[in-house]
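**Student:** What would the 3D arrangement of this be:
(chains A, B, C and D)
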There are 2 protein chains.
Amino acid sequence: MDIKIVDVASKANVSPATVSRVLNGHSYVKSSTREKVMRAIESLGYHPNAVAKNLRSQRSMTIGVIVPDINASYFAEIIKGIENMAYSRKYRVIICDAENQQDKEMEYLGLLMSRTVDGMILVTPSTADEEIVRLTDKGYEVAVIGRAVEHPKVPCIFTDNVKFSKEVVDYLVSLGHRDIVFLSGYANAVDSFERLEGYLKGLKEHHIPFRPELVENGNFNERGGYEAMKRLLDKGLGFTAVYAANDEMALGVYKACDEAGLRIPEQLSVVGVDNNRISKYITPALTTVNQPKYAMGAVIAEKLIDQMNADEFSEKRVFKVDSELIVRQSSGSL
Amino acid sequence: MDIKIVDVASKANVSPATVSRVLNGHSYVKSSTREKVMRAIESLGYHPNAVAKNLRSQRSMTIGVIVPDINASYFAEIIKGIENMAYSRKYRVIICDAENQQDKEMEYLGLLMSRTVDGMILVTPSTADEEIVRLTDKGYEVAVIGRAVEHPKVPCIFTDNVKFSKEVVDYLVSLGHRDIVFLSGYANAVDSFERLEGYLKGLKEHHIPFRPELVENGNFNERGGYEAMKRLLDKGLGFTAVYAANDEMALGVYKACDEAGLRIPEQLSVVGVDNNRISKYITPALTTVNQPKYAMGAVIAEKLIDQMNADEFSEKRVFKVDSELIVRQSSGSL
DNA sequence: ATTCAAACTGAAATCGATTTCAATAAAGTT
DNA sequence: AACTTTATTGAAATCGATTTCAGTTTGAAT
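**Tutor:** Just a heads-up that it's a prediction; the model follows:
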């Protein structure tokens, strides 16, 4: 049922080699034969089998991306950046959505490891560094978004979690807040860890004693943020501001506050991270930290593609990009 | 540098065939040899080359999905539904984001056509029906979300655009509106077309004369909605309600109204379609039409997989699912 | 008219797995 | 003991393209 290159060849009275030459165009082919072949291709509706092609040529011109959740605009924006850069370099992108499940993440990693892609970009905060190092040493082309990995061949791009988290604390303190809740994401993510670190650093610098009871885990999603906030409110701890490690959790905080009749920002200031698309539409508009998501995706895709095509690796491998605090209406002075 | 099956074979002192048998487990292998092979695999860190495997076995256990925009929650939800169903059936999913560009859509279609996937799901409103029929006749397994395609082998799932659009008009008329704007999406999308049809049908039923100047195109995105609304406002046409063919455009309408000092819903009622995640967070919360996106993805994935594995095709191929109007605060009586 | 390079083409090897076929060994069956 | 049947393995063919190698034509240069 399938049309193969030999079918085209026999229809055009040439060898498969010639058809291949016409198809790929890096060799001499007489223009009259080229036309014969083209006509045969056309009339048979021939489509080359990429699986065979990739096997022989040992490349697929595709790169794979694994993200924890395509629904989160943070990742969706990154993907757009990757996609457009890759597209302009004639690469195609396949996206794997791990849906925040570690087993799926591993599963998809296995899929990409089986040579279906020429390179991969991991945006997954939970794949261990050692795993990435191992992959790279095995000869896979891997790039990482969201943190630094110690390996001379792995391009990385990330924002300084510690730095901007400290800046959030600085900002809240400048508004007069001293009792600041930190809402963390899931435990095995570097982002959670480093944002907590920045939070602590900020407190320390302002000589504010750390109150461990003000740190709660919200798993990076709305529901987690909602439940964490309810726990905090139930305990009746005194606090005037919440720094949520991402906007999704901040959304949950809004909901909990709404139910508890707590007004934002009059009674509680809320700051998120990601500049999620929703954050500017919600009322009050959420103060948040913006990361250059699209650019991060584009830069890392470019580096990866460069590296795949040149054996000398790039002078610059690790990119730390700046993020900015976007002050909106969810935060105010005491 | 790469470890191949022959390497494993020679390390374990067996033939490649035996290694393959161990790997795939559908043949007799003495348990002692199995262990030898396993040890060799382990110690060499062997990963089978899926490209070669797929070429030989003529299947990849992956299905490809093309969507116009992964950033839109309508598509993201559909993808989730597909992904989870596929995953439970041991299929992997690769997602192609056409970014609302028709050339990219074609490009990705070409990618999927080159036998890298066992089947494909198109959620693209702009791929022509004839193209889909042609693909299917050529032996590709294709399923479609969002409309019906006339071909006995193509599973389809969609909501009745005409029906719910008419219901939107019914609803607005019941609130007393008679001058209703219709904001259409881009012209080559069936959705635009059918939603307009429902709008017209609704007007007709209520004996409201059709005013062509009240129909504008907003290209299904926020910006388009904003600009279309501005054009309408500039023209100073009298209207009291807007039916936007999706929520994204409704967002643009909000922005234009905000700038023009027009209050929603007091001075203008707005209704969207999709029940986009943002729609419930925006103020006033948007009245919209909900489609069972996740379920649609799951159902079509299941049908496609069934069809790929059984030669007899399913009795039921076309699924029309119900959508519901979610009334929120953006619409009110005159 | 002869020579040499460039243009053009096909046969066969190759990519890395799976699978068929056939051969042998072990285990039951009468 | 002779004869099936079942278990176990390897050699070789195969999937559908690309690419090397070598051979033939053509065209230009001497």
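**Student:** Show me where the stretch 1-150 of chain A dips below the pLDDT cut-off.
**Tutor:** The stretch 1-150 of chain A contains residues with pLDDT under 70 at A:1.
**Student:** where does it come near DNA strand C, residue by residue?
**Tutor:** When proximity is defined by Cβ under 7 Å from any atom of the strand, the stretch 1-150 of chain A lies next to DNA strand C at A:13-18, A:21, A:27-33, A:52, A:55-56, A:58. From N, CA and C alone the C-beta is placed, and that goes for glycine too.
**Student:** A:Leu251 - nearest residue in space that isn't next to it in sequence?
**Tutor:** A:Glu222 (4.6 Å; Cβ to Cβ, 6 or more residues apart in numbering or on different chains).
**Student:** Distance of the residue of the stretch 51-200 of chain A found nearest chain B relative to B:Leu55?
**Tutor:** Nearest residue of the stretch 51-200 of chain A to chain B: A:Ser114, at 3.4 Å (Cβ to the nearest Cβ). Distance, A:Ser114 to B:Leu55, by Cβ to Cβ, to the nearest Å: 12 Å.
**Student:** And those two? Which one has more around it.
**Tutor:** More crowded of A:Ser114 and B:Leu55, by other Cβ atoms under 10 Å in any protein chain shown: B:Leu55, with 19 against 16.
**Student:** Can you show me the strands along the stretch 1-150 of chain A?
**Tutor:** Here the stretch 1-150 of chain A has its strands, by DSSP state E, counting those that start in this stretch, at A:62-67, A:92-97, A:119-122, A:142-145.
**Student:** contact partners of the first one?
**Tutor:** Okay, so that is strand A:62-67. Outside strand A:62-67, the residues within contact range by Cβ atoms under 8 Å, 6 or more residues apart in numbering or on different chains are A:75, A:78-79, A:82, A:86, A:91-98, A:105, A:108-109, A:111-112, A:116-124, A:127, A:301, A:304-305, B:111.
**Student:** distance between that strand and the chain's centre?
**Tutor:** For strand A:62-67, the separation from the chain centroid amounts to 10 Å (computed by Cα atoms, centre = their mean, to the nearest Å).
**Student:** Partner strands of that strand, with direction?
**Tutor:** The strands beside strand A:62-67 in its sheet (DSSP bridges) come out as strand A:92-97 (parallel), strand A:119-122 (parallel).
**Student:** Put the alpha carbons of that strand into CSV.
**Tutor:** Taking C-alpha atoms only, strand A:62-67 is exported to CSV below (Å, rounded to 0.1, in the frame of the first residue of the first chain):
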residue,chain,number,x,y,z
THR,A,62,14.2,17.2,15.3
ILE,A,63,14.8,18.1,18.9
GLY,A,64,12.7,16.9,21.8
VAL,A,65,11.5,19.0,24.7
ILE,A,66,10.3,17.7,28.0
VAL,A,67,8.3,20.0,30.2
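**Student:** Could you check that strand and say which residues are buried?
**Tutor:** A:62-67 (16 or more other Cβ atoms under 10 Å in any protein chain shown).
**Student:** Then stretch A:141-154?
**Tutor:** Buried residues in stretch A:141-154, defined by neighbour count with 16+ other Cβ under 10 Å: A:141-149, A:151, A:153-154.
**Student:** Among those residues, which one lies nearest to B:Thr136?
**Tutor:** Distance to B:Thr136 across these (Cβ to Cβ) is lowest for A:Glu141, with 36.0 Å.
**Student:** For the nearest residue to the closest one once chain neighbours are set aside, grab the count of nearby residues.
**Tutor:** Excluding the flanking residues, the one nearest A:Glu141 by Cβ to Cβ, 6+ apart is A:Gly119, at 3.5 Å. If you count neighbours by other Cβ under 10 Å, A:Gly119 ends up with 23.
**Student:** same check, this time on A:Ala295
**Tutor:** Residues within reach of A:Ala295, counting by other Cβ under 10 Å, total 16.
**Student:** For it, give me its contacts.
**Tutor:** A:81, A:321.
**Student:** That one belongs to a strand, doesn't it?
**Tutor:** No - under DSSP: H, G, I helix; E, B strand; the rest coil, A:Ala295 sits outside any strand and is assigned helix.
**Student:** thinking again about what came up before, check contacts around the residue nearest to A:Glu141.
**Tutor:** A:Gly119 sits next to A:63-64, A:140-143, A:304-305, A:307-308 when contact means Cβ under 8 Å, 6+ apart.
**Student:** so A:Ala244 touches A:Ser269, yeah?
**Tutor:** No - A:Ala244 lies out of contact with A:Ser269 (Cβ atoms under 8 Å); the separation is 11.2 Å.
**Student:** A:Leu214 and A:Arg178 touch, don't they?
**Tutor:** No - A:Leu214 lies out of contact with A:Arg178 (Cβ under 8 Å); the separation is 10.8 Å.
**Student:** Between these two, which is the more surrounded one?
**Tutor:** Neighbours per residue, other Cβ under 10 Å: of A:Leu214 and A:Arg178, the larger number sits with A:Leu214, 21 against 16.
**Student:** State the distance from the more buried one to DNA strand D.
**Tutor:** Counting by Cβ to the nearest atom of the strand, to the nearest Å, the gap from A:Leu214 to DNA strand D is 61 Å.
**Student:** Select, out of the strands of the stretch 1-150 of chain A, the one closest to A:Val173.
**Tutor:** strand A:142-145 (30.4 Å).
**Student:** name the helices or strands packed onto the closest one?
**Tutor:** strand A:119-122, helix A:129-137, strand A:156-159, helix A:293-309 (3 or more Cβ pairs under 8 Å, 6 or more residues apart in numbering or on different chains; DSSP states H and E).
**Student:** quick one: the helices in the stretch 101-250 of chain A?
**Tutor:** A:102-111, A:129-137, A:161-174, A:190-205, A:222-234, A:247-260 (DSSP state H, counting those that start in this stretch).
**Student:** in the shortest one, what's buried?
**Tutor:** Of the residues in helix A:129-137, those with enough neighbours to count as buried (16+ other Cβ under 10 Å) are A:132-133, A:135-136.
**Student:** what residues does the stretch 101-250 of chain A put near chain B?
**Tutor:** Selection of the stretch 101-250 of chain A residues close to chain B by Cβ under 8 Å from any Cβ of the partner chain yields A:104, A:107-108, A:110-111, A:113-116, A:138-139.
**Student:** are any of these buried, and which?
**Tutor:** Listed as buried from these are A:104, A:108, A:111, A:113-116; burial here means 16+ other Cβ under 10 Å.
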